[in-house]
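1. Need a 3D model of the following:
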Amino acid sequence: MESFESYRGVKTCTDLGKERLARAKAQLAVTPRARVALVSPASVRSANAKEPATTNPTRELDAMVLGNTLVGYGDNISLENMMIIENLIKFSKLEADRETRDNLHPAAWHRAFLVCMEQMGCSVPIQASVEFRKRSASGTMKNVVTAIVKAGVDAAKAAIPGATVLAAVADSTLAALEKEPELIQVFNYEVTKVKGMKLALLPCEQTKNGLIIVSCSSINQDSAVVGGGVLFLDLKITSLDIYQGSNFLAFNPAAYAEVKDDIEYVLGQHRREVLARRFPRRRS
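-> Just a heads-up that it's a prediction; the model follows:
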């Protein structure tokens, strides 16, 4: 990770990022693509089937559930930049999922995701980060998630102009998700299908100078307390230990052209393996 000043210019995909993309493409060439259906309840399968896997974000559908990850787009981000940052998130999520499949350390996924995003050309300023650490939490899980996102934004806003808006995008994305009864059941299943819960929340926005800014907050908790038929956002907890991490990322979309074809090729081959559903963050 680096200082804030270094992301003002055009940062490009690193050599390690190019090696990662080449490896991902090579793996697709030698590994038979197993078209295995998602192992999930009927409601999850039917919900996923309602939307084609290849749809793009729109002004009306400006948030999405991506497996156990929730992505929301701010009012100022262009449709092109929505697609750019979404592809980076999807690719980095695939890579982090693959790399940490057998790693039980709670911080493993968060760090693997950040490393991939940085290798793809994102800047991750160290003064805008909250180290992945354990905290004791109480209240509803929704309040806990909101507090973790706020902690990440608070760490960023002193150094990064415009970071404050990401908290509002995160809040409105969560609020909109709660108004989608079927979709919140889908997300709840994805978050809690392992023991405890594991999720990430990524609000995105575009600055006046065209940079894409993202707050990445992830939560990992392995207690049997989570579950039992109650939506995890509604769950009331007392002194529950939760691992949290929050980081601010910035990406100059001018750098995407270099990796566009490779990323979109890899994502095209994986498009049916990741649950993806869009919904409106803003409502009239």
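2. just for the stretch 51-200 of the chain, where's the confidence low?
-> Within the stretch 51-200 of the chain, the ranges that satisfy pLDDT under 70 run 51-54, 126-128, 159, 161.
3. Could you name the helices and strands sitting against the longest helix along the chain?
-> Secondary structure of the chain read by DSSP state H shows that its longest helix is helix 79-99. When contacts are defined as 3 or more Cβ pairs under 8 Å, 6 or more residues apart in numbering; DSSP states H and E, helix 79-99 packs onto helix 15-30, strand 63-66, strand 69-73, helix 108-119, strand 197-206, strand 212-221, strand 236-251, helix 260-270. (C-beta placed from N, C-alpha, C; glycine too.)
4. tell me which residues in the fourth one are buried?
-> Using 16 or more other Cβ atoms under 10 Å as the burial criterion, the residues of helix 108-119 that qualify are 108-119.
5. Switch the helices and strands packed on helix 79-99 over to TSV; also include distance to Pro280.
-> Formatted as TSV, these follow (distance: least, Cβ to Cβ, whole Å):
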stretch	distance to Pro280
helix 15-30	32
strand 63-66	7
strand 69-73	10
helix 108-119	26
strand 197-206	15
strand 212-221	20
strand 236-251	24
helix 260-270	23
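6. Which one, of the ones you listed, ends up nearest to Lys179?
-> The closest of these to Lys179 is strand 63-66. By Cβ to Cβ, the value is 11.2 Å.
7. Each with direction, which strands does that closest one pair with?
-> strand 69-73 (antiparallel), strand 276-279 (antiparallel) (DSSP bridges).
8. and these, which is most packed in?
-> strand 69-73 (a mean of 25; mean count of other Cβ atoms under 10 Å).
9. between that strand and strand 212-221, how many degrees?
-> 160 degrees (axes from the mean of the first three to the mean of the last three Cα atoms, to 10 degrees).
10. what does strand 69-73 contact?
-> By Cβ atoms under 8 Å, 6 or more residues apart in numbering, the residues outside strand 69-73 that reach it are 57, 62-64, 82, 86, 89, 93, 169-170, 172-174, 176-177, 187, 199-205, 281.
11. Convert that strand to PDB, retaining C-alpha atoms only.
-> Taking Å, rounded to 0.1, in the frame of the first residue of the first chain, the C-alpha atoms of strand 69-73 are listed here in PDB:
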ATOM      1  CA  THR A  69     -20.500  -9.000  -1.600                       C
ATOM      2  CA  LEU A  70     -22.700  -5.900  -1.800                       C
ATOM      3  CA  VAL A  71     -21.700  -3.200  -4.400                       C
ATOM      4  CA  GLY A  72     -23.400   0.300  -4.600                       C
ATOM      5  CA  TYR A  73     -22.700   3.100  -7.100                       C
END
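12. Now find how far off-centre it is within its chain.
-> 6 Å (Cα atoms, centre = their mean, to the nearest Å).
13. Likewise for stretch 157-175?
-> Counting by Cα atoms, centre = their mean, stretch 157-175 comes out at 15 Å from the chain centroid.
14. quick revisit: quick one: which of the helices and strands packed on helix 79-99 is nearest Asp154?
-> strand 236-251 (9.0 Å).
15. now for the closest one, which elements pack on it?
-> Counting by 3+ Cβ pairs under 8 Å, 6+ apart, strand 236-251 packs on helix 79-99, helix 108-119, strand 129-140, helix 141-157, strand 212-221.
16. Now with 10 Å, please.
-> Applying 3 or more Cβ pairs under 10 Å, 6 or more residues apart in numbering; DSSP states H and E, one finds that strand 236-251 makes contact with helix 79-99, helix 108-119, strand 129-140, helix 141-157, strand 197-206, strand 212-221.
17. mind putting these in a markdown table, distance to Asn247 included?
-> Output for these, formatted as a markdown table (distance: least, Cβ to Cβ, whole Å):
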| stretch | distance to Asn247 |
| --- | --- |
| helix 79-99 | 12 |
| helix 108-119 | 6 |
| strand 129-140 | 5 |
| helix 141-157 | 7 |
| strand 197-206 | 10 |
| strand 212-221 | 5 |
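18. Looking at those, which is nearest to Cys13?
-> Once those are compared by Cβ to Cβ, helix 108-119 is nearest, at 6.9 Å.
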